[in-house]
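**Q** Prediction below, plus the sequence it came from.
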Amino acid sequence: MSKKSRKLIRSATIEDVAEPLAAPDPAPEREFYFIPDAEPQAVDERELHDQIKLWRHGRATRTIGEVIRDGYVALFTVVVLGAMVVNVVMHAQTGAAACTTEACGIARLMMPSAFVLACFALTLSVARLFGPVLASAAEGFWLMDAPISRRRLLRARLVLPVVIAGVVSVVLTALISALVGMEIPQVVLWALTAGLGSAALMAWSAAEQGLERTRRVRTALWVFGTATLAVFLFVVSITAGWVSAGVASGIGAASVVVVVLAVAAIALLVTNLVLAGRRLEQIRRARLISGGSLVSGMQGAMFALDFGLIRDILVEREAAARGHVRPTRGRGLGIWALVWRDAERLKRYPKPWIALGASLVVPYAADALRLVVLSPLVSALGLFVALVPFLGSLRVLTRTGGLARALPFKTSTIRSAAMVVPAVLALLWAGAATPAFIGIAEAGADRAPVEGAITALVAGVAGLFGAVRWVTAKRVDFGVPMMATESGAMPPTLLFNLFRGFDVVALITAPIILGAPATWSLGIAGVVFVLLRGTFNMDELKAEQESMQRQQTAQKTGQGEKIKIVRPTR
Amino acid sequence: MAKRTPVLKVTALKKAFGPVVIVDGFNLEIGAGEAVALTGRNGAGKSTVLRCVVGAERPDEGTVTVNGIAVAETDPEIRRQVATVIDDLDFFPDLSVVEHLDLLARAHGIADPEAAVDEVLHEVQLVPQSGQLPATLSSGQRRRLALATAFVRPRSLLILDEPEQRLDAEGVAWLADRLKAERARGLAILMASHEPALVDAVATRVVRLAGTELVAAGTDDAE
């Protein structure tokens, strides 16, 4: 402690201070340990790896038998859900077989095609995000520095994502193919192709990772993503009768193409696995750990079912990858400066526009697929997902109080300002989606123009407020009274986080779905808005009440003593 | 002569987390041009006091007023008068360094925001990083940006939680000079710090906290 600090403390004037400060202890004598100067022995990487495994397994407090016994509810749920899925598939098979029109036949082949392409896009997206080869921070620290073969260490890390990509794609494609009414041999063929293709793409991504290349993977991701959307739109167009089914008359030969694709996927898988295996040694440690830390961060967020945090991690990562922007000058003063920044973001980050455009397909697809009753709900859910990236500033301003505290406005004013740009987008979306709600497909919706416009508005507002509710989620507070569940004590917010946003969408669209007037939905939306913008913030209400009391006191005292408020200085 | 209203007045503040009482019966008054440093070992309650003072934490007992106004975190008048740099300051991941400062200056209605931002940016030595996104800043640069957010806006009370953290020696020296200048202009400062050099240079009073009891407090009219 410095001389002046000691002097200041000595000059204590508070009477409660009875005990004098103890004199600081003299610096203790310390001894340091240095490792002996001897040649290190050879290190076996497998032994090291096994040691880490042992430590991890050694921490287990329950056997697998006990876990299964405790989780009987989970197992029961899986069995029940499995039975339901099988039941749905069997019903779909029967129903689909009854439809023998050319349009049905084409849709039967095109829907699995769209899902195969979607699986490929998803695989590349996951591979690009995580590595795909990754290592935990602990492994990076303890093992990567050791003089061992990185290739032997990472071999399992290469095989695991390839296998997972294959299995997930097989399951998803098999389910969709079965649901659209394909015959079993065809289901197997399509599912295998999807699985092999995804596994091959994952291996290819790993091979590219070894060369530190990302552009090719990114391009392929865009190609498969666009192709998925195009095929899906094509199916909708044929089903709605906008495009003649005759356009796709040659599609019957698709099975041959699928077989060729499967064979090509096997060749690609083997080649790229070998290549990726050889390049494992070249992957930089920072790249490996980056994927590992992302996984551990997301795991932590998943344990708390904090989906907002998962998105925050991804956004932060994307910002770190971008690193730099060309600064632009703001406009306006006061709260409008915040609104202007949101508008500026639309130009700077155009990627979310794609999702917003894609979400516009949902009401048209719902109309084409004759989902007239559920269309507002499904469309609002699509918009909800698409609007989340546009609510970035609301997310930052609500997740911690620090930044909002730096702005001289009420919390409700800040929230309202951060909703302005997304609200304009939702309104534009509702305008563009209005024809779908009026009904343009044969046997689709049949509403009057005004009713259709109001329904579109309800869907737009529901999507907006669903997204707002989702992004304003607070972190789960484990300090609150817990709820007793079969899985142990759980904070209530943990459970509610699962439905956050969806609850608002369902609430606002419920009257329309149940046949009540749309004005009911708009009324509910009004109440939801009042709650979401934090109008009933207790702190604010108290502050307002105290402010009014101060004014009343000042009025009563007249020319008497006034409370002097020092104006802030720069 | 009428007694001047203190800029910050803390009366009988008590805060406990469960059975652990962090502070109890804490009183403090800070006038314009005064700087108070809270010191004490880790866990002594410095940050808790600061969080209660800015309204981020609700005290169990006691009152906190700024220029006679009871502190509520969401009160715009409090937000206008109190600049804070405590541990919960967040940044927009998609706005650059200069855009953060520009936004804050405009939000507070600064007449010439560009000039103000330019001055502050030079002072915190973040001009080369002006276009960078916060995720790419080093921890020291992030701290400089956090401090800049407090200096680019009007304020009558400055609350800082270990502002010297992650700053290099030159940065700590700059901060000490800056805070002295702020104090000389009539700003009230409350800060928690472990850096004796900063405390010596800036504080007109040092309050040492030790868990639930106030171990010592002093006044100094010097400087």
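**A** Sure thing, it's come through.
**Q** which parts of the stretch 201-350 of chain A sit against chain B?
**A** A:315-317, A:319-320, A:322-335, A:337-338, A:341, A:345, A:348-349 (CB under 8 Å from any CB of the partner chain). No exception for glycine: its C-beta is placed from N, CA and C like everyone else's.
**Q** redo that, cut-off 10 Å
**A** Residues of the stretch 201-350 of chain A found near chain B (CB under 10 Å from any CB of the partner chain) are A:312, A:315-338, A:340-341, A:344-345, A:348-349.
**Q** can you pull the contacts of the residue sitting nearest the centre point of chain B?
**A** The residue lying closest to the centre of chain B (CA atoms, centre = their mean) is B:I159, at 1.9 Å. Neighbour list for B:I159: B:8, B:49-51, B:53-54, B:66, B:82-86, B:150, B:188-192 [criterion: CB atoms under 10 Å, 6 or more residues apart in numbering or on different chains].
**Q** Narrow these to those in strands?
**A** Counting by DSSP state E, those place B:8, B:66, B:82-85, B:188-192 in strands.
**Q** Save those as JSON lines, and put in distance to chain A, neighbour count and pLDDT too.
**A** Shown next, in JSON lines, are these (distance: CB to the nearest CB, whole Å; neighbours: other CB atoms under 10 Å in any protein chain shown; pLDDT from 0 to 100):
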{"residue": "B:L8", "distance to chain A": "11", "neighbour count": "24", "pLDDT": "92"}
{"residue": "B:V66", "distance to chain A": "9", "neighbour count": "27", "pLDDT": "91"}
{"residue": "B:V82", "distance to chain A": "8", "neighbour count": "29", "pLDDT": "92"}
{"residue": "B:A83", "distance to chain A": "7", "neighbour count": "28", "pLDDT": "93"}
{"residue": "B:T84", "distance to chain A": "6", "neighbour count": "28", "pLDDT": "92"}
{"residue": "B:V85", "distance to chain A": "9", "neighbour count": "23", "pLDDT": "92"}
{"residue": "B:A188", "distance to chain A": "9", "neighbour count": "27", "pLDDT": "94"}
{"residue": "B:I189", "distance to chain A": "13", "neighbour count": "26", "pLDDT": "94"}
{"residue": "B:L190", "distance to chain A": "15", "neighbour count": "28", "pLDDT": "95"}
{"residue": "B:M191", "distance to chain A": "14", "neighbour count": "26", "pLDDT": "94"}
{"residue": "B:A192", "distance to chain A": "14", "neighbour count": "25", "pLDDT": "93"}
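**Q** which ones are touching A:A319?
**A** A:325, B:91-95, B:132-136.
**Q** So it belongs to a helix, correct?
**A** Yes: assessed with DSSP: H, G, I helix; E, B strand; the rest coil, A:A319 lies in a helix.
**Q** Would you quantify the distance from it to B:L137?
**A** With distances taken as CB to CB, to the nearest Å, A:A319 is found 11 Å from B:L137.
**Q** swap in A:G402?
**A** From A:G402 across to B:L137, the span is 16 Å (CB to CB).
**Q** ditto for A:R405
**A** From A:R405 to B:L137 the distance is 21 Å (CB to CB).
**Q** For the longest helix that chain B contains, name the packing helices and strands.
**A** In chain B, taking DSSP state H as the definition, the longest helix is helix B:169-184. Under the contact definition 3 or more CB pairs under 10 Å, 6 or more residues apart in numbering or on different chains; DSSP states H and E, helix B:169-184 sits against strand B:35-39, helix B:139-151, strand B:157-161, strand B:188-192, helix B:196-202.
**Q** Report the distance from stretch A:372-391 to the chain centre.
**A** Taking CA atoms, centre = their mean, to the nearest Å, the mean C-alpha location of stretch A:372-391 is offset from the chain mean by 15 Å.
**Q** residues of that stretch that come out buried?
**A** Neighbour counts over stretch A:372-391 (16 or more other CB atoms under 10 Å in any protein chain shown) mark A:372, A:375-391 as buried.
**Q** Against chain B, which of those residues make the cut? List them.
**A** Subset of the buried residues of stretch A:372-391 in contact with chain B: A:P389, counting by CB under 10 Å from any CB.
**Q** Return the subset of the buried residues of stretch A:372-391 lying in strands.
**A** Taking DSSP E, every one of the buried residues of stretch A:372-391 sits outside strands.
**Q** Pick out the most distant pair among the ones in strands among the contacts of B:I159.
**A** Distance extremes for the ones in strands among the contacts of B:I159: the farthest pair is B:V66 and B:A192 at 17.5 Å, using CB to CB.
**Q** which of A:G402 and B:L137 has more neighbours?
**A** Neighbour comparison, A:G402 and B:L137: the larger count goes to A:G402, with 21 against 17 (by other CB atoms under 10 Å in any protein chain shown).
**Q** can you give me the offset of the helix or strand that A:V396 is a member of from its chain's centre?
**A** Using DSSP states H and E, A:V396 sits in helix A:392-399. Centre-to-centre, helix A:392-399 and its host chain are 15 Å apart (CA atoms, centre = their mean).
**Q** Kindly report the same for stretch A:195-207.
**A** The answer for stretch A:195-207 is 23 Å, by CA atoms, centre = their mean.
**Q** any idea of the mean pLDDT for that stretch?
**A** Averaging pLDDT along stretch A:195-207 yields 93.
**Q** Stretch A:497-505 too?
**A** What stretch A:497-505 shows for mean pLDDT is 87.
**Q** For that stretch, what is the distance to the chain centroid?
**A** For stretch A:497-505, the distance to the chain centre is 14 Å (CA atoms, centre = their mean).
**Q** Please apply the same query to stretch B:112-127.
**A** Centroid separation for stretch B:112-127 versus its chain: 19 Å, with CA atoms, centre = their mean.
**Q** Tell me which residues touch residue 149, please.
**A** Here I'm looking at chain A. Counted by CB under 10 Å, 6+ apart, A:S149 has contacts A:45-46, A:155, A:280-281.
**Q** oops, I was thinking of chain B
**A** The neighbours of B:T149, taking CB under 10 Å, 6+ apart as the test, are A:402-403, A:406, B:83-85, B:89, B:91, B:100-101, B:103-105, B:120, B:124.
**Q** Return the closest of those residues with respect to A:M111.
**A** Nearest to A:M111 among the contacts of B:T149 is B:F91, at 44.0 Å by CB to CB.
**Q** What is the neighbour count of the residue lying closest to the closest one once chain neighbours are set aside?
**A** Counting by CB to CB, 6 or more residues apart in numbering or on different chains, B:P134 is the residue found nearest to B:F91 once chain neighbours are left out, at 4.0 Å. Residues near B:P134, counting by other CB under 10 Å, number 22.
**Q** Could you do A:R399 as well?
**A** Number of residues near A:R399 (other CB under 10 Å) recorded here: 20.
**Q** In this structure it contacts A:L391, no?
**A** No: using CB atoms under 10 Å, A:R399 is not in contact with A:L391, being 11.6 Å away.
**Q** Overlap of the contact sets of those two?
**A** Counting by CB under 10 Å, 6+ apart, the residues touching both A:R399 and A:L391 are A:471-472.
**Q** Could you pull up the contacting residues of A:T398?
**A** Contacts for A:T398 were tallied using CB under 10 Å, 6+ apart; they are A:308, A:391, A:404, A:411, A:414-415, A:418, A:468, A:471-474, A:534, B:90.
**Q** For those residues, pick the one with the most neighbours.
**A** Among the contacts of A:T398, A:A418 has the most neighbours (other CB under 10 Å), with 29 neighbours.
**Q** Cool, thanks, signing off.
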